[in-house]
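1. structure, please.
(one chain, ligands or ions: 2)
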Amino acid sequence: MGYRVALLGGSYDPVHHGHVALGAHFAQLLQVDQLRVIPTGLPWQRATLKASPQQRAEMVALAFAGQPFAVAVDLQEIERGQQGLPTYTIDTLRQVRAELGPSASISFLMGADQLQRLDTWHEWQALFDYAHICVAARPGFDLDAAGLPPAVATAFSSRLGTPQQIRTTPHGLTYLAQDFAVDISATQIRAALQRGDSANSLIPPLVLDYIEQHNLYKS
Ligand SMILES: Nc1ncnc2c1ncn2[C@@H]1O[C@H](COP(=O)(O)OP(=O)(O)OP(=O)(O)O)[C@@H](O)[C@H]1O
Ligand SMILES: O=C(O)c1ccc[n+]([C@@H]2O[C@H](COP(=O)([O-])O)[C@@H](O)[C@H]2O)c1
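-> Ligands and ions are numbered 1, 2, ... in the order given. Got it, this is the predicted structure:
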């Protein structure tokens with residue numbers, strides 16, 4: 001059996017229970033050898049982030065510590081950002097594919113909000129040449145025919161695979177975890193912390209400590 005990796009890219013401003021649940025869900029479903037969490041460097045579709053790249057990477061490491069599967073924090077997008085290069089997932093997939101070789105099973109994970117916008121991603125149709133795309137449902141983001149751009153709906157539905165097929169092939173399939181329902185967002189957490197409200201139930205305790213120690217998200 002070849003090497004299996006799941007990639008979980010995100011801005012993580014800050015990382016929260018939804019991210020950990022998403023990574024854990026697919027790590028278990030796909031029985032991965034490694035979950036690789038990849039904080040964005042210069043996410044070109046977003047306004048400025050509040051925490052620095054280093055802080056976001058440190059929070060991610062704290063959030064995923066102690067999971068019952070192997071986790072690595074991959075800094076390649078932050079490093080490209082330091083060279084002024086925007087964060088394109090296709091670049092990341094090309095780099096991971098070059099590293100792991102043609103037979104590794106590589107799955108890129110995302111929530112339903114990003115699937116709805118997949119056709120805006122840089123070279124989005126080429127993503128399937130390097131990875132499987134595994135999506136988790138998310139409250140508030142409908143994935144029925146009306147919720148997806150037609151080109152994304154076609155690409156996604158024509159490639160549907162089973163977890164077993166995804167585990168044993170290198171790339172090109174899709175999967176939807178329909179039963180996933182975690183109603184947490186980083187936007188909601190930033191707003192709560194700015195108001196001075198508690199975000200205790202939304203963030204891993206070590207991340208909450210980090211946010212307090214570094215005085216983040218107060219303004
Ligand atoms: N509650 C959730 N359920 C499913 N997927 C999620 C959830 N939260 C985040 N994700 C997914 O995790 C990845 C990284 O998300 P990101 O860091 O942007 O968090 P976010 O909560 O969406 O942030 P923001 O509110 O700032 O947009 C994305 O693919 C996103 O769809
Ligand atoms: O490649 C792109 O053009 C692209 C456009 C938007 C988002 N992404 C990736 O999608 C992941 C989630 O992004 P976000 O903004 O929800 O944190 C993260 O890894 C981003 O780099 C990628």
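2. near ligand 1, which residues of this structure show up?
-> 10-13, 18-19, 22, 110-111, 113-114, 136, 138, 182, 184-187 (C-beta under 6 Å from any ligand atom). For every residue, glycine as well, the C-beta is placed using N, CA and C.
3. rerun at 8 Å
-> Selection of the chain residues close to ligand 1 by C-beta under 8 Å from any ligand atom yields 8-13, 15-16, 18-19, 21-22, 40, 46, 109-114, 136-139, 180-190.
4. I'd like to know which of those residues are buried.
-> 8-13, 15-16, 18-19, 22, 40, 109-112, 114, 136-138, 180, 182, 184-186, 189-190 (16 or more other C-beta atoms under 10 Å).
5. re the thing from before, show me which of the residues of the chain next to ligand 1 neighbour ligand 2.
-> 8-13, 40, 46, 110-111, 113-114, 186.
6. now, among those, which is nearest to R97?
-> G9 (14.7 Å; C-beta to C-beta).
7. one step back: so which of the buried ones among the residues of the chain next to ligand 1 are in strands?
-> When DSSP state E is applied, these are split such that L8, G9, G10, L109, M110, G111, A136 fall in strands.
8. now the two most distant members of the residues you listed.
-> G9 and A136 (13.5 Å).
9. overlap in contacts, the two.
-> L109, M110 (C-beta atoms under 8 Å, 6 or more residues apart in numbering).
10. same for the helix or strand where R167 lies, what does it pack against?
-> Per DSSP states H and E, R167 falls inside helix 163-168. Applying 3 or more C-beta pairs under 8 Å, 6 or more residues apart in numbering; DSSP states H and E, one finds that helix 163-168 makes contact with strand 105-111.
11. mind saving the C-alpha coords of the strand it packs on as PDB?
-> In PDB, the C-alpha atoms belonging to strand 105-111 read as follows (Å, rounded to 0.1, in the frame of the first residue of the first chain):
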ATOM      1  CA  SER A 105      -2.500   9.100  -2.200                       C
ATOM      2  CA  ILE A 106      -2.800  12.800  -1.600                       C
ATOM      3  CA  SER A 107      -6.100  14.300  -0.500                       C
ATOM      4  CA  PHE A 108      -6.700  18.000  -0.100                       C
ATOM      5  CA  LEU A 109      -9.400  18.700   2.500                       C
ATOM      6  CA  MET A 110     -11.800  21.700   2.600                       C
ATOM      7  CA  GLY A 111     -15.100  22.900   4.000                       C
END
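12. mind listing what L62 touches?
-> P204, L206, V207, Y210 are the contacts of L62 under C-beta under 8 Å, 6+ apart.
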